[in-house]
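Asker: give the three-dimensional model of this entry:
(2 chains)
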Amino acid sequence: MINVWTIAKREYRLYFSSPVAYMLAFFLFLVLGFFFSYSVQIASSAMGMQQGYVPGVDITMQPMAVMLVLLTPALTTRLLAEERRLGTIELLMTAPVRDWELVVGKWLGAFMLLLTYLAVSLIYPMILNQLISPGVDQGPLLTGYLGLILLSAATVAVGVFVSSLFSNQIAAFAATMGVVIFLWWIIGVIGQVAGQTGGATELARYLDYSGHFYENLLRGVVDLRDVVYYLSVTALSLFLSAMSIEVRRWG
Amino acid sequence: MIRVEGLTKDYGLRRAIEDLTFDAQKGEILGFLGPNGAGKTTTMRILTGYMPPTSGTAQVAGFDVVDQSLEVRRRVGYMPETVPLYPDMTVFDYLKFMADLRQVANAEDRVDELLERLGLLDRAESYIANLSKGMRQRVGLAQALVHSPEVLILDEPTIGLDPAQIIEVRNLIKELGKDHTILLSTHILSEAQQVCNRVMIINRGRIVAEDTPERLQDRLTGSRRVSVQVGGDGDGLASVVASVPGVARLTEKEDGRLEFETVPGMDPRAEVARAIIQAGYDLLEMRPYGVSLEEIFLQLTRDEPTPPQPAEEEMLDESMSDMKDLNLKS
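Answerer: Sure thing, here's the model as predicted:
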């Protein structure tokens, strides 16, 4: 277990010793800040007042979810693909570290960076809490952040898996982006297009990556199925990543 | 310390190594000599637990490389051929990371100790990307040594270094050989000759010879080669020397200088010296010289023996029979 921490710590630090962590933070908070100030402006405008619009905590959580999904490929692409390109994977694989420890360590390093972003983003609900009375609704805030944490965990794990398949970073990045876009936007659409034909819809709805977040967690509802869904995606992806490394040993 | 039996590895249809059997004792520096693509790196990767063999067994420090891979990896220090390093870390951070991965107690002290030993102290805070090839090589060695392993496996440790650095690294390896069992691969023959206690020549995945560098020479040559130098005019020297029984294949090099081989089993050197002096020449020098490991290596790893030149027929035949002999023994 200590190996997981050693590897995660290195990854986490490396994000900050390169421009990656700052660049991504810049984009993320630019977008969040835009949505936040826009919503607050509308609420304080004459029309907003008239309609009684009160911004909720979802004004930043909703774009945050999309941004996390889009930024993750930039974080995870490097994790294993670069080790393979540099050849340093040979040192990790001959160090007394189990394959799953390596994979989980890599995942944890990137996940911790997203947790850092999430922690910083709490500033928006805190400001909002001062602006509206009687303050923000804490239920959706808690479940929303639970959702964002689960979503980050699962997306990073998917990214680790894709990264484990490539040694070319550009290919790994494009593939991760493709997978993430497919999970976030396309599966849900397939579910809707498949329409009301029984079992298939049920399956598509269960697999809908964004649906589990939007439909329940963002609205303050914690359904065990959603939690299990994201945790399973995380576990399965990490398992497949460890397998992918194991398989390469036999190459 | 290292015990390998019947080790075979296939990459798909290509057989990289076939039925390798060898061992290395504690405190030994074993050289793995062979042309590129002979299977040196493959063997080393199996021994370090990077990948499993197709068949056969290998034990390192008493543990099986497949079933007890983690135990093996704890006891082995490995420097791969390309010396993979993270360019975006400082030397100190990198070594600290490797020490932590190997769960070294007092990692920072240990890293400082190694930095000092390898002359890297003033580079501790440099980024690896900015290091010269020689410096990187030292960092790679430091990384392999960080947990004081029982066995060190070094894949081409001097490749790409300048002559001064090569000597430096060789001396370092010799020194390390006092406390560690070392398996190193090289395709530079003089390196194996200088550094190793024992040399294995590997070609196309098979061990073709194994012995100490000196004995390897003796066994392969059978006959001695002697060089003679006289002062002044050397006219007629060749016929004087050639008349001594036991002298074969005499060649005149320049005026007053010649070389000859002895007939296997005979040592005519004393008679040759006497004959030269009795004939009135001033004998300045008479010294034996060995066949270089280089020649042995070429003989052993040649894919197909080229048709022998008439003059060399005898010698090639001899070495061929010696070669078969070696194959049987190894």
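
Asker: and B:Val76, how close does it get to B:Ile202?
Answerer: 20 Å (Cβ to Cβ, to the nearest Å). Where C-beta positions appear, they are placed from N, C-alpha and C, glycine not excepted.

Asker: again, but for B:Pro35
Answerer: In terms of Cβ to Cβ, B:Pro35 sits 9 Å off from B:Ile202.

Asker: the more surrounded of these two?
Answerer: Using other Cβ atoms under 10 Å in any protein chain shown as the criterion, B:Pro35 and B:Ile202 rank with B:Ile202 on top: 24 against 16.

Asker: what does the stretch 101-250 of chain A put close to chain B?
Answerer: Within the stretch 101-250 of chain A, the positions near chain B by Cβ under 8 Å from any Cβ of the partner chain are A:249-250.

Asker: any low-confidence regions in the stretch 101-250 of chain A?
Answerer: Along the stretch 101-250 of chain A, the parts satisfying pLDDT under 70 run over A:191, A:194-201.

Asker: one more time with 50, if that's ok
Answerer: Counting by pLDDT under 50, the stretch 101-250 of chain A shows no low-confidence range.

Asker: check contacts around the closest residue to chain B within the stretch 101-250 of chain A.
Answerer: Closest to chain B within the stretch 101-250 of chain A is A:Arg249: 4.7 Å, counting by Cβ to the nearest Cβ. For A:Arg249, the contact set (Cβ atoms under 8 Å, 6 or more residues apart in numbering or on different chains) comprises A:93, B:50-52.

Asker: apply 7 Å and report the result again.
Answerer: Each residue near A:Arg249 by Cβ atoms under 7 Å, 6 or more residues apart in numbering or on different chains is listed here: B:50-52.

Asker: which residue packs closest to A:Tyr206, ignoring adjacent ones?
Answerer: A:Tyr229 (7.2 Å; Cβ to Cβ, 6 or more residues apart in numbering or on different chains).

Asker: tell me how many other residues crowd that neighbour.
Answerer: By other Cβ under 10 Å, neighbour count at A:Tyr229 equals 20.

Asker: you'd agree it is up against A:His212?
Answerer: Yes - using Cβ atoms under 7 Å, A:Tyr229 is in contact with A:His212, at 5.1 Å.

Asker: which SS class is the closest residue to chain A within the stretch 1-150 of chain B?
Answerer: Taking Cβ to the nearest Cβ, chain A has its nearest neighbour within the stretch 1-150 of chain B at B:Pro84, 3.6 Å off. In terms of secondary structure, B:Pro84 is coil; the call rests on DSSP: H, G, I helix; E, B strand; the rest coil.

Asker: quick one, what contacts the residue lying closest to it once chain neighbours are set aside?
Answerer: In this structure, B:Pro84 finds its nearest non-sequential neighbour in A:Gly87, 3.6 Å apart by Cβ to Cβ, 6+ apart. The contact partners of A:Gly87, by Cβ under 7 Å, 6+ apart, come to B:80, B:82, B:84.

Asker: just the buried residues of those.
Answerer: The neighbour-count test (16 or more other Cβ atoms under 10 Å in any protein chain shown) marks B:80, B:82, B:84 as buried among these.

Asker: and the stretch 101-250 of chain B, which of its residues are near chain A?
Answerer: Within the stretch 101-250 of chain B, the residues that sit near chain A (Cβ under 7 Å from any Cβ of the partner chain) are B:101-103.

Asker: is stretch B:30-43 anywhere near chain A?
Answerer: No - shown here: stretch B:30-43 not in contact with chain A (Cβ under 7 Å from any Cβ), separated by at least 10.1 Å.

Asker: buried stuff in that stretch?
Answerer: B:30-35, B:38-43.

Asker: make JSON lines out of the buried ones among the contacts of A:Gly87 and add distance to B:Pro163 and pLDDT.
Answerer: Compiled in JSON lines, the buried ones among the contacts of A:Gly87 are given as follows (distance: Cβ to Cβ, whole Å; pLDDT from 0 to 100):
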{"residue": "B:Pro80", "distance to B:Pro163": "23", "pLDDT": "93"}
{"residue": "B:Thr82", "distance to B:Pro163": "21", "pLDDT": "87"}
{"residue": "B:Pro84", "distance to B:Pro163": "25", "pLDDT": "92"}
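
Asker: ok, now which ones touch residue 92?
Answerer: Going with chain A. By Cβ under 7 Å, 6+ apart, A:Leu92 lies in contact with A:83, A:102.

Asker: can you look at chain B instead?
Answerer: B:111, B:124-125.

Asker: how about the contacts of A:Arg249 in CSV, adding pLDDT?
Answerer: As requested, those are arranged in CSV below (pLDDT from 0 to 100):
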residue, pLDDT
B:Tyr50, 92
B:Met51, 92
B:Pro52, 93
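
Asker: any weak-confidence spans in chain B?
Answerer: Scanning chain B for pLDDT under 50 picks out the ranges B:304-330.

Asker: follow-up on the earlier one: now, which of the contacts of B:Phe92 lie within helices?
Answerer: B:Val111 (DSSP state H).

Asker: which residues sit against stretch A:161-178?
Answerer: Residues contacting stretch A:161-178 (Cβ under 7 Å, 6+ apart): A:73, A:76-82, A:84-85, A:159, A:179, A:237, A:240-241, A:244-245.

Asker: got it, and stretch B:258-271?
Answerer: B:222-228, B:237-238, B:241, B:244-253, B:286.

Asker: in helices only, show me the residues you listed.
Answerer: B:237-238, B:241.

Asker: out of the residues you listed, flag the one nearest to A:Pro134.
Answerer: B:Val241 (115.3 Å; Cβ to Cβ).

Asker: tell me how chain B divides into domains.
Answerer: The record's domain split for chain B, according to automatic domain parsing, is B:2-218, B:225-288.

Asker: list the buried residues in stretch B:186-199.
Answerer: Quick answer for stretch B:186-199 (16+ other Cβ under 10 Å): B:186-189, B:191-193, B:195-196, B:198-199.

Asker: any idea how far the residue of the stretch 1-150 of chain A found nearest chain B is from B:Pro80?
Answerer: Proximity of the stretch 1-150 of chain A to chain B (Cβ to the nearest Cβ) peaks at A:Gly87, 3.6 Å away. Applying Cβ to Cβ, the value for A:Gly87 to B:Pro80 is 7 Å.

Asker: for chain A, just list every one of the strands.
Answerer: Counting by DSSP state E, chain A has no strands to list.

Asker: same check, this time on chain B
Answerer: Going by DSSP E, chain B shows strands at B:2-11, B:14-24, B:29-33, B:55-60, B:63-64, B:76-79, B:151-155, B:181-186, B:198-203, B:206-211, B:225-231, B:247-254, B:257-262, B:282-288.
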